[in-house]
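K.L.:
coordinates for the following, if possible.
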Amino acid sequence: MSNSDRGSLFASLDDAVVGRRREVELVVAALDAGRHVLLEGPPGTGKSTLLRAVANGLGIGFVFVEGNAELTPARLVGHFDPARVLNEGYDADVFVDGPLVTALRDGALLYVEEINRIPEETLNVLITVMSEGELNVPRYGRVAAASGFRLVAAMNPFDAVGTARISGAVYDRVCRVSMGYQSAADEERIAGRDGRDLPAGWLTKVVDLVRRTRAHSDLRVGSSVRGAIDMAAVASSLAGVRGSSVTDKSVSLDAALVALSGRVRVREGSTRTSEDVITELWSEVFEPAATGGAGKANAPTGATR
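P.N.:
Now for the predicted structure:
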């Protein structure tokens, strides 16, 4: 890739993926070097968006696989059509390609989301493919990886529910890129991308509120930037329903509760609810003078508790 092509690629990716220039460069470099990639980061940090944009920018095919406990080797690799096998036997034409075989044949990126949620036997298939660059399917034969095939996986290392520990065998075969949250300015750009006409400074406060959920002592998991996007959208719609404005206290707080209370996770042992914490943080951001020394305030009249 020439320097001019590189410059055009990164310029286009900067527009598609806000605040991720370093990560984009690392992923592009790893893929260009023929390496498999593992992206680690909390939800809402743009892992899928980044990979789709990179694949599109490089002109590489993109095959998506959702990682979960139901992803068996047969669902990943493919299977023989049982009805046709009865009539035609185990012929190559009877085989139904799974996403792995499709990506191998096409030389595409196989994107496995939440790789730490898939069963160990399925993970072993991926380890074999990464090591050998090919797959041997019983009764079908060898499927070699076409030029361009790469495994790109993503995982949330902070979520322990329904996940398994990734073995060293996986880490030994991938280049790991860690992705944290973007800056406040970048998150404000993301949250304001839908072009809503919002009062000056209001969206800045929304992003500030969302970012505070990530550091609150009563929360073990805070909200991603999706919470800011949804709060802005809900507030705009709710203001229309109530014939009010997004700056109205009850509109703003209710939008925050709707958008954020389900996204955050209260720390074990805390006696507070997520609604309590969101209300407290909303008061700190939107009514700092009313918060006072205690750091808490009652919900505005009309808001849902």
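
K.L.:
sec struct for residue 246, please.
P.N.:
coil (DSSP: H, G, I helix; E, B strand; the rest coil).

K.L.:
tell me how many other residues crowd it.
P.N.:
23 (other C-beta atoms under 10 Å). All C-beta atoms are positioned from the backbone trio N, CA, C, and that covers glycine.

K.L.:
how near is it to residue 232?
P.N.:
8 Å (C-beta to C-beta, to the nearest Å).

K.L.:
repeat that for residue 184.
P.N.:
Applying C-beta to C-beta to residue 184 and residue 232 gives a distance of 15 Å.

K.L.:
just to revisit the earlier point, need the overlap of contacts for residue 246 and residue 232.
P.N.:
198, 255 (C-beta atoms under 8 Å, 6 or more residues apart in numbering).

K.L.:
if we can go back for a sec, of residue 184 and residue 232, give the one with the bigger neighbour count.
P.N.:
More crowded of residue 184 and residue 232, by other C-beta under 10 Å: residue 232, with 22 against 13.

K.L.:
strands of the stretch 101-250 of the chain, start to end?
P.N.:
Per DSSP state E, counting those that start in this stretch, the stretch 101-250 of the chain carries strands over the ranges 109-113, 134-137, 141-144, 150-155, 175-178, 219-221.

K.L.:
with mean pLDDT, distance to residue 279 and mean neighbour count added, can I get those strands in CSV?
P.N.:
Below are the strands of the stretch 101-250 of the chain laid out as CSV (pLDDT from 0 to 100; distance: least, C-beta to C-beta, whole Å; neighbours: other C-beta atoms under 10 Å):
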stretch, mean pLDDT, distance to residue 279, mean neighbour count
strand 109-113, 95, 33, 24
strand 134-137, 93, 53, 16
strand 141-144, 92, 56, 12
strand 150-155, 94, 32, 24
strand 175-178, 95, 33, 16
strand 219-221, 92, 13, 17
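
K.L.:
format the ones you listed as CSV; extra columns: distance to residue 35.
P.N.:
Formatted as CSV, those follow (distance: least, C-beta to C-beta, whole Å):
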stretch, distance to residue 35
strand 109-113, 12
strand 134-137, 17
strand 141-144, 18
strand 150-155, 7
strand 175-178, 5
strand 219-221, 31
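
K.L.:
so which of those is nearest residue 17?
P.N.:
Distance to residue 17, taken as C-beta to C-beta, is lowest for strand 175-178 among these, at 12.8 Å.

K.L.:
do you know which of the strands of the stretch 101-250 of the chain lies nearest residue 44?
P.N.:
strand 219-221 (10.9 Å).

K.L.:
so what does the top helix by length along the chain touch, helix or strand wise?
P.N.:
Looking across the chain with DSSP state H, the single longest helix is helix 225-242. Here helix 225-242 touches helix 184-191, helix 202-212, helix 249-260, going by 3 or more C-beta pairs under 8 Å, 6 or more residues apart in numbering; DSSP states H and E.

K.L.:
in stretch 120-128, what's buried?
P.N.:
122, 123, 125, 126, 127 (16 or more other C-beta atoms under 10 Å).

K.L.:
same question but for stretch 41-61, I mixed them up
P.N.:
41-42, 44-47, 50-55, 57-58, 60-61.

K.L.:
what lies in contact with that stretch?
P.N.:
9, 12-13, 16-18, 20, 23-24, 27-28, 31, 39, 62, 103, 106-109, 111, 113, 148, 152, 154, 156-159, 178-182, 221, 223-227.

K.L.:
buried members of those residues into PyMOL, please.
P.N.:
Those of the contacts of stretch 41-61 that count as buried under 16+ other C-beta under 10 Å are selected in PyMOL with:
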select buried, resi 9+13+16+17+18+20+23+24+27+28+31+39+62+103+106+108+109+111+113+148+152+154+156+179+181+182+221+223+224+225+226+227
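
K.L.:
now, which of the contacts of stretch 41-61 lie within helices?
P.N.:
9, 12-13, 16, 23-24, 27-28, 31, 103, 106, 225-227.

K.L.:
could I get the residues you listed in JSON lines, plus columns for pLDDT and distance to residue 77?
P.N.:
Compiled in JSON lines, the ones in helices among the contacts of stretch 41-61 are given as follows (pLDDT from 0 to 100; distance: C-beta to C-beta, whole Å):
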{"residue": "9", "pLDDT": "80", "distance to residue 77": "32"}
{"residue": "12", "pLDDT": "82", "distance to residue 77": "34"}
{"residue": "13", "pLDDT": "85", "distance to residue 77": "32"}
{"residue": "16", "pLDDT": "81", "distance to residue 77": "31"}
{"residue": "23", "pLDDT": "94", "distance to residue 77": "30"}
{"residue": "24", "pLDDT": "93", "distance to residue 77": "31"}
{"residue": "27", "pLDDT": "94", "distance to residue 77": "26"}
{"residue": "28", "pLDDT": "93", "distance to residue 77": "28"}
{"residue": "31", "pLDDT": "93", "distance to residue 77": "23"}
{"residue": "103", "pLDDT": "96", "distance to residue 77": "11"}
{"residue": "106", "pLDDT": "95", "distance to residue 77": "15"}
{"residue": "225", "pLDDT": "95", "distance to residue 77": "35"}
{"residue": "226", "pLDDT": "95", "distance to residue 77": "33"}
{"residue": "227", "pLDDT": "97", "distance to residue 77": "37"}
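
K.L.:
with that, I have no additional questions.
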